[in-house]
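Visitor: After the sequence you'll find the predicted model.
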Number of protein chains: 2
Amino acid sequence: MGVRMDELDRKILRALQADAGQSLDEIARQVGSSKTPVWNRVRKLREAGVIGPSTVIVDPEALGLEACFFVLIRTSEHEADWQKRFLAALKARPEVQEAHRLAGEIDYILKVRVANAKAYDDFYQALISEVRVFNVTALLSMEELKASTALPV
Amino acid sequence: MGVRMDELDRKILRALQADAGQSLDEIARQVGSSKTPVWNRVRKLREAGVIGPSTVIVDPEALGLEACFFVLIRTSEHEADWQKRFLAALKARPEVQEAHRLAGEIDYILKVRVANAKAYDDFYQALISEVRVFNVTALLSMEELKASTALPV
DNA sequence: CGTGAAACTCGGAAACA
DNA sequence: TGTTTCCGAGTTTCACG
């Protein structure tokens, strides 16, 4: 996907990532342009899929989600069918915030956000009952030092 | 932080996380209420810090950020001063999207998004020149199976 | 391709039930 | 607390320079 983007586009992206609730006038002022050109570019970027949906950042603690685990998974199974079931299991579980297939020793990493250790264990038991995994290591986060949704543009 | 939240609040949060660009009327329709009550609750949730700033989801690939690493860090240093410098280094680098202090063998995990392997190495070299670390393992993501900013509510 | 203005929509507040 | 109403502000479109 090769999208042509100039410096103005990048400035707009930065402004939107910082706060998507700003008015067009406000953004235009920040990036040194004016309303209509900014709006046209935002529309283009949306159509090109560079800008996706907008969301709100929600505080996990306020929802009682006080535990965050990174789960390192090794498996001995690499057939297409197994992968399909594994993927389906991950997608079905909202506590799985991220899932990556990795290169190297460890096959997958998950980021799982739950209320407490018990809730993680429930998740873990449910997962291994659905798909066979060879080895699972859970890393418990003690403190979220940095969390940024913004990409460096 | 104990915020009282009923089912309606949760429905509103779900709607906002799915798409923060919706109008109040639209959200009200979805959650089975009407404009003013929804707006009052959104305001309360914002004031309580449950709802933070709104952002847009940007496609990393479109920006040329094609590599994602999870970095496992062990250190032998645990003094306050070291931690402070380490934290400052992480905060200063936009390619670090997440940083957690962990319980157990591994002390920290980072999620780092960069253009390519070379860019990761630049980051790595810069980091270890700023702060001493005992051991670093980088896990390279081959495929992002799931990425969700929405918390289960 | 940027400017300025038009029309329409939405957010936010106030008054009422 | 929810409903109705209202206005200023913001979004989106368009005709023009």
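Guide: In hand now; what should we look at? Numbering: from 1, shown residues only, chains lettered A, B, ... in the order given.

Visitor: Over to residue A:144. Which of the three states is it?
Guide: Per DSSP: H, G, I helix; E, B strand; the rest coil, the secondary structure class of residue A:144 is strand.

Visitor: State the number of residues packed around it.
Guide: 13 (other Cβ atoms under 10 Å in any protein chain shown). For every residue, glycine as well, the C-beta is placed using N, CA and C.

Visitor: quick one: pLDDT of it?
Guide: Note for residue A:144: predicted pLDDT of 98.

Visitor: Show me how the record splits chain A into domains.
Guide: As given by automatic domain parsing, the domain ranges for chain A are A:7-47, A:61-140.

Visitor: Please identify which of these is closest to DNA strand D.
Guide: domain A:7-47 (3.6 Å; Cβ to the nearest atom of the strand).

Visitor: That closest one near DNA strand D anywhere?
Guide: Yes: Domain A:7-47 reaches DNA strand D (Cβ under 7 Å from any atom of the strand) through A:22-26, A:35-36, A:39, A:43.

Visitor: Tell me how far that domain lies from the chain's centre.
Guide: The chain centroid and the centroid of domain A:7-47 are separated by 23 Å under Cα atoms, centre = their mean, to the nearest Å.

Visitor: and the host helix or strand of residue A:137, C-alpha only, in PDB?
Guide: Per DSSP states H and E: residue A:137 is located in strand A:135-147. Once non-C-alpha atoms are left out, strand A:135-147 reads as follows in PDB (Å, rounded to 0.1, in the frame of the first residue of the first chain):
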ATOM      1  CA  ASN A 135       4.400 -24.300  26.500                       C
ATOM      2  CA  VAL A 136       3.000 -21.200  28.000                       C
ATOM      3  CA  THR A 137       4.800 -18.500  30.000                       C
ATOM      4  CA  ALA A 138       2.800 -15.600  31.500                       C
ATOM      5  CA  LEU A 139       4.500 -12.300  32.300                       C
ATOM      6  CA  LEU A 140       2.600 -10.200  34.800                       C
ATOM      7  CA  SER A 141       2.800  -6.400  34.400                       C
ATOM      8  CA  MET A 142       3.400  -4.600  37.700                       C
ATOM      9  CA  GLU A 143       3.300  -1.200  36.200                       C
ATOM     10  CA  GLU A 144       2.400   0.300  32.900                       C
ATOM     11  CA  LEU A 145       5.300   2.700  32.300                       C
ATOM     12  CA  LYS A 146       4.100   3.900  28.900                       C
ATOM     13  CA  ALA A 147       1.100   3.300  26.800                       C
END
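
Visitor: what sits up against it?
Guide: Residues outside strand A:135-147 that contact it (Cβ atoms under 8 Å, 6 or more residues apart in numbering or on different chains): A:67-74, A:117, A:120, A:124, A:128, B:87, B:90-91, B:96-104, B:106, B:108-109.

Visitor: how about the strands in chain A?
Guide: Along chain A, the segments classed as strands by DSSP state E run A:51-58, A:67-74, A:96-102, A:108-114, A:135-147.

Visitor: ok, which residues in chain A are in contact with DNA strand C?
Guide: By Cβ under 7 Å from any atom of the strand, the residues of chain A that approach DNA strand C are A:33-37, A:40.

Visitor: Spatially, what comes nearest to residue A:127 if we skip its sequence neighbours?
Guide: residue A:89 (6.3 Å; Cβ to Cβ, 6 or more residues apart in numbering or on different chains).

Visitor: Tell me how many other residues crowd that neighbour.
Guide: Neighbour count of residue A:89, defined by other Cβ under 10 Å: 16.

Visitor: I'd like to know how far it sits from residue B:106.
Guide: Using Cβ to Cβ, to the nearest Å, residue A:89 is found at 25 Å from residue B:106.

Visitor: For residue A:4, give me the pLDDT.
Guide: Residue A:4 is assigned a predicted lDDT (pLDDT) of 80.

Visitor: Next, count neighbours for it.
Guide: Burial measure for residue A:4: 7 neighbouring residues, criterion other Cβ under 10 Å.

Visitor: show me the contacts for the most centrally placed residue in chain A.
Guide: Nearest to the mean C-alpha position of chain A, counting by Cα atoms, centre = their mean, stands residue A:98 at 5.7 Å. By Cβ under 8 Å, 6+ apart, residue A:98 lies in contact with A:109-111, B:144, B:146-148.

Visitor: Identify the bridge partners of it.
Guide: residue A:111, residue B:147 (DSSP bridges).

Visitor: Can you give me the distance of it to residue B:149?
Guide: The value you get for residue A:98 to residue B:149, if Cβ to Cβ is used, is 10 Å.

Visitor: ok, for the residue sitting furthest away from the middle of chain A, nearest residue in space, not its chain neighbours?
Guide: In chain A, counting by Cα atoms, centre = their mean, residue A:34 sits farthest out from the average C-alpha position, at 31.8 Å. Nearest residue to residue A:34 in three dimensions, chain neighbours excluded: residue A:28, at 4.9 Å (Cβ to Cβ, 6+ apart).
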